[in-house]
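Enquirer: missing the sequence, but the structure's below:
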């Protein structure tokens, strides 16, 4: 049990990053991570030692996020996830980041999720496919389409400043 808890604590930063990318709201992301940790602790018997705990936790988090979305849509058809405020800045890098965030948020959910898992969270295509529950090639396709769409939305054609760091992370 102590080793399980240590692995859980080691994976909390990864869960926080993944939750923030999915939820797009820091407080909701914190709630998702807390609920994920609680569910993991309550289901330690379902974790198979020797398997990828990070992927197991990400699957729990993703399922919890999907459940939250379903619940919110039942409560109010017009309810949307709260958007974090981005204040305009004089600095070009902050403006570019704001543009990137807007373009990223405009991606279809499956593409955003695949790019988040592979590029931002560092999962392999295979692990991401297991988390999402689809084929490895589907994840690769979604990541590719997400990068292409980001390039297009940011108006940089093939010379997107954000694409190369993402590709480096995913490699």
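Expert: Looks like it came in fine. The structure presented is a predicted model; accordingly, all values stated were derived computationally and were not measured.
Enquirer: can you list the neighbours in contact with the host helix or strand of residue 40?
Expert: Assigned by DSSP states H and E, residue 40 falls within helix 26-42. The contact list for helix 26-42 (CB atoms under 8 Å, 6 or more residues apart in numbering) reads 5, 8, 12, 15-16, 19-20, 22-23, 47, 56-57, 60-61, 64-65, 68, 81-82, 84. Any C-beta I mention is one placed from the backbone N, CA and C, and that applies to glycine too.
Enquirer: all strands for the protein, in order.
Expert: Using DSSP state E, no strands are found in the chain.
Enquirer: okay, now the domains of it?
Expert: Split into domains by automatic domain parsing, the chain comes to 2-75, 92-170.
Enquirer: can I get those domains in JSON lines with mean neighbour count and mean pLDDT?
Expert: Listed next are those as JSON lines, based on neighbours: other CB atoms under 10 Å; pLDDT from 0 to 100:
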{"stretch": "domain 2-75", "mean neighbour count": "16", "mean pLDDT": "88"}
{"stretch": "domain 92-170", "mean neighbour count": "17", "mean pLDDT": "80"}
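Enquirer: is residue 1 in contact with residue 44, as I believe?
Expert: Yes - between residue 1 and residue 44 there is a contact under CB atoms under 8 Å: 6.7 Å.
Enquirer: next one: stretch 107-125 to chain centre, how far?
Expert: Distance of stretch 107-125 from the chain centroid (CA atoms, centre = their mean, to the nearest Å) equals 6 Å.
Enquirer: can you measure across it, start residue to end residue?
Expert: 19 Å (CA to CA, to the nearest Å).
Enquirer: who touches it?
Expert: 14, 17-18, 21-22, 54-55, 58, 62, 104-105, 127-128, 131-132, 136, 139-140, 142-143, 145-147, 149-150, 166-167, 169-170.
Enquirer: how near is residue 96 to residue 30?
Expert: Per CB to CB, to the nearest Å, residue 96 is found 27 Å from residue 30.
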